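**Student:** here's a sequence, model it:
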Amino acid sequence: MVENQELRKAGLKVTLPRVKILQILDSSPERHMSAEDVYKALMEAGEDVGLATVYRVLTQFETAGLVERHNFDGGHAVFELADTDHHDHMVCVDTGEVVEFFDAEIERRQREIVKEHGFEMVDHNLVLYVKRAK
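**Tutor:** Numbering: from 1, shown residues only. As a prediction, the model looks like this:
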């Protein structure tokens, strides 16, 4: 029922594929899912939703502001629900693991740097590519 309200609030018609995809994104322990990940989860749940539909719905969700698209590791798009406060990401280059973090000092410095250069920040996305220290 919550999914129906979210879809309506975003200006989208409530359809079974949209509801199912939103449920998958909301219930998955993995916060960053590719379209293929969503498709596999739907198949495992016995849902008959095609991969092309998953791509189309995720794009609609992005346009409506329900999800954010990230292009980590060379253009491989992953999606996360846009239901959290701002955060940045670390992506492990060995495993693909995505770690979310927030650092007030980094945020403050970014605003200062933008201002020092005579700009006003409208948005930003910080991704650190990392690997486990040996």
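
**Student:** which residue is nearest the middle of the chain?
**Tutor:** residue 80 (2.2 Å; C-alpha atoms, centre = their mean).

**Student:** need phi/psi at that residue.
**Tutor:** phi -140, psi 150 (degrees, to the nearest 10).

**Student:** that one contacts residue 68, correct?
**Tutor:** Yes - counting by C-beta atoms under 8 Å, residue 80 touches residue 68, with 5.6 Å between them. Quick note: C-beta positions are derived from backbone N, CA and C, even for glycine.

**Student:** circling back to that earlier point, please tell me how far the residue nearest to the centre of the chain sits from residue 38.
**Tutor:** Plainly put, residue 80 is 12 Å away from residue 38 if you go by C-beta to C-beta, to the nearest Å.

**Student:** shared neighbours of these two, anything?
**Tutor:** Common contacts of residue 80 and residue 38 (C-beta atoms under 8 Å, 6 or more residues apart in numbering): residue 25.

**Student:** residue ranges with poor pLDDT in the protein?
**Tutor:** When residues are selected by pLDDT under 70, those of the chain lie in 1, 74-75.

**Student:** cool, thanks, signing off.
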